[in-house]
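[1] pasted the sequence and its predicted model underneath.
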Amino acid sequence: MSAASLAYAGEISPTSTLCDRDSFDASPKLSGEASPSGPLSHLAEWFQRSRTSSKTRSSEPASPTRRSPSASPAPVSVISRRPLGYAASVYGPALRCLGAGTNGVVSLHCPSGDDSNRLAVKRLVIPSAVLQSTNRAQRYVRQVLHEASLTRTFDHPNVIANYDYFQEDDGVFYSVMDYCPLDLFTLVQGGNLGLAEVRCYFAQLVHGLYYLHVQRRVAHRDLKLDNVCITSDGVVKVIDFGCATTSHPKYDPQQQYTSAILATGTCGSDTYMAPELFAAGPNGGVTVYDARKVDVWALAIIYIAMCTKHFPWDRATLADPNFALFTSHPRPILQRMLPHQPEVVPILAHMLALNPNERPSVPSVMATPWFQSIQVCQPGLCVYHTHEVPADLSSAA
């Protein structure tokens, strides 16, 4: 099959998220309790008994203030217990739904009716099946604790700011974060991005990932257009750290002497997932991989999708004809996808290396002359080009 016969994987479309986090256990173990079957309040009681055995929660109300960027990941007490109706009383009623998925519903709120102070509040939906299993309930709560502990310490203009995590008395968890009008998927699908805008968004995303990989030692593992939000003035915000993993010694002392962020298990969305995530380990065992290199692969897919409005393939497996063709002729295929950007083809080919050990790190991507040439707008200051974030698209997001 020749490069000329390449058929793109179709129009850009939403992708489902698969996240098998059974093997990741960075947060503190919770003591065994009876299975929380029944209403959510039972899970709330079980959660409270589990966490108060090691920490006493603060009685002070939470406020949307940022932590020091040098602070260590916070303990489990970052999630406070609040009375029923706390979310509406403090952050105001939900004005409209911003999005919904398997893990929760995100709504727009304006505390005190101040339209200039918009916040997004995510209501974490607990799958009914979780309530029927002690192990699954424990794992679910550990995941919520882990995500809260990580994100409350983040402080970077290209990473979403999370201000408050709490659980109301009925057992429902809430996360309060910055509001962004729409995600990059919606903007790419419905907008008409120029090359300068595409590269600016890409560079901002890389800067955010540099902060996560190098300064926070966190890998996202579910990078995709849907998990990159855009503010009204064109600032990129990486969101959704439900699949994130870390080599921070606070959580994983065994990794503190290595730069790699090792992980196992399938996590992410098919279209963006690196080939090693689809492969079995030695003798059919568990695959251990560097999660940073998985993020680098997803970065390249995001760039291609932004430029072409197509995904290059559905799955990075040889069963996918487009990916199989790419493995035989990587650079010619990339040149066909991006005929007017010959300078970026070598970098993307490097980022999409089948062997993850051959992929560059994020700092290496940033050091390339091509990346250094990108004109990147600063938060609130677009001096190089215009970022248009259409209001009609945001209302449909």
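    Cool, got the structure.

[2] which non-adjacent residue is nearest the most centrally placed residue in the chain?
    Nearest to the geometric centre of the chain sits residue 240, at 3.9 Å (Cα atoms, centre = their mean). Among residues not flanking residue 240 along the chain, residue 227 sits closest, at 4.6 Å (Cβ to Cβ, 6 or more residues apart in numbering). For the C-beta atoms, the positions are set from N, CA and C on the backbone; glycine is no exception.

[3] same question for residue 272.
    residue 298 (4.3 Å).

[4] for the one you found, grab the count of nearby residues.
    26 (other Cβ atoms under 10 Å).

[5] which ones are touching it?
    Contacts for residue 298 (Cβ atoms under 8 Å, 6 or more residues apart in numbering) come out as 220, 223-224, 268, 272-274.

[6] of those, buried ones?
    For the contacts of residue 298, a burial check counting by 16 or more other Cβ atoms under 10 Å picks out 220, 223-224, 268, 272-274.

[7] next step: these restricted to strands.
    Cross-referencing those against strands under DSSP state E gives residue 268.

[8] nearest to residue 317, of the buried ones among the contacts of residue 298?
    Checking the buried ones among the contacts of residue 298 against residue 317 with Cβ to Cβ, the nearest one is residue 273 at 9.5 Å.

[9] so for the residue nearest to residue 240, what's the pLDDT?
    Residue 227 carries a pLDDT value of 94.

[10] surely residue 318 is in contact with residue 328?
    No: judged on Cβ atoms under 8 Å, residue 318 makes no contact with residue 328 at a distance of 10.2 Å.

[11] any common contacting residues for those two?
    With Cβ under 8 Å, 6+ apart, residue 318 and residue 328 have no common neighbours.

[12] that older thread, turn the contacts of residue 298 into CSV, including distance to residue 342 and pLDDT.
    Conversion of those to CSV gives the following (distance: Cβ to Cβ, whole Å; pLDDT from 0 to 100):
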residue, distance to residue 342, pLDDT
220, 29, 96
223, 25, 97
224, 26, 97
268, 30, 89
272, 24, 98
273, 27, 97
274, 25, 97
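
[13] save those residues as a markdown table, and put in distance to residue 149 too.
    Converted to a markdown table, the contacts of residue 298 look like this (distance: Cβ to Cβ, whole Å):
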| residue | distance to residue 149 |
| --- | --- |
| 220 | 16 |
| 223 | 20 |
| 224 | 23 |
| 268 | 21 |
| 272 | 25 |
| 273 | 25 |
| 274 | 26 |
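
[14] flag every buried residue along stretch 96-105.
    Applying 16+ other Cβ under 10 Å to stretch 96-105 flags 98-99, 103-104 as buried.

[15] report the two of these separated the most.
    98 and 103 (13.9 Å).

[16] and the gap between the nearest residue to residue 97 once chain neighbours are set aside and residue 99?
    Among residues not flanking residue 97 along the chain, residue 107 sits closest, at 5.6 Å (Cβ to Cβ, 6+ apart). For residue 107, the distance to residue 99 equals 9 Å [Cβ to Cβ, to the nearest Å].

[17] do residue 241 as well
    From residue 241 to residue 99 the distance is 16 Å (Cβ to Cβ).

[18] that older thread, what about the residue nearest to the centre of the chain, distance to residue 350?
    Distance of residue 240 to residue 350, computed by Cβ to Cβ: 27 Å.

[19] could you pull out the helices for this protein?
    40-52, 86-91, 134-151, 184-190, 195-210, 291-308, 321-328, 330-337, 345-351, 362-366, 369-372, 391-396 (DSSP state H).

[20] out of the ones you listed, indicate the one that is most buried.
    Stretch with highest mean neighbour count among the helices of the chain: helix 291-308 (a mean of 24; mean count of other Cβ atoms under 10 Å).

[21] ok and that one relative to helix 330-337, angle-wise?
    Compare the direction of helix 291-308 with that of helix 330-337 by axes from the mean of the first three to the mean of the last three Cα atoms, to 10 degrees and you get 30 degrees.

[22] how about helix 291-308 as PDB, C-alpha atoms only?
    The C-alpha coordinates for helix 291-308 follow below in PDB (Å, rounded to 0.1, in the frame of the first residue of the first chain):
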ATOM      1  CA  ALA A 291       3.600   7.600  31.300                       C
ATOM      2  CA  ARG A 292       5.500  10.800  30.100                       C
ATOM      3  CA  LYS A 293       6.100   9.200  26.700                       C
ATOM      4  CA  VAL A 294       2.400   8.300  26.400                       C
ATOM      5  CA  ASP A 295       1.600  12.000  26.900                       C
ATOM      6  CA  VAL A 296       4.200  13.000  24.200                       C
ATOM      7  CA  TRP A 297       2.400  10.600  21.800                       C
ATOM      8  CA  ALA A 298      -0.900  12.200  22.600                       C
ATOM      9  CA  LEU A 299       0.500  15.700  22.000                       C
ATOM     10  CA  ALA A 300       1.400  14.700  18.500                       C
ATOM     11  CA  ILE A 301      -2.100  13.400  17.800                       C
ATOM     12  CA  ILE A 302      -3.600  16.600  19.200                       C
ATOM     13  CA  TYR A 303      -1.400  18.700  16.900                       C
ATOM     14  CA  ILE A 304      -2.400  16.700  13.800                       C
ATOM     15  CA  ALA A 305      -6.100  16.800  14.700                       C
ATOM     16  CA  MET A 306      -5.900  20.600  15.200                       C
ATOM     17  CA  CYS A 307      -4.300  21.100  11.800                       C
ATOM     18  CA  THR A 308      -6.400  18.600   9.700                       C
END
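
[23] could you give the average pLDDT over it?
    For helix 291-308, the mean pLDDT works out to 97.

[24] check stretch 243-256 too.
    Confidence for stretch 243-256, expressed as mean pLDDT, is 68.

[25] same check, this time on stretch 162-179
    Mean pLDDT, computed over stretch 162-179, is 91.

[26] got the buried residues for that stretch?
    Those would be 162-169, 171-179, for stretch 162-179 by 16+ other Cβ under 10 Å.

[27] among the residues you listed, name the ones in strands.
    Using DSSP E, the buried residues of stretch 162-179 in strands are 162-168, 173-178.

[28] quick one on the thing from earlier: residues near the residue nearest to residue 240, how many?
    For residue 227, using other Cβ under 10 Å, the count is 25.
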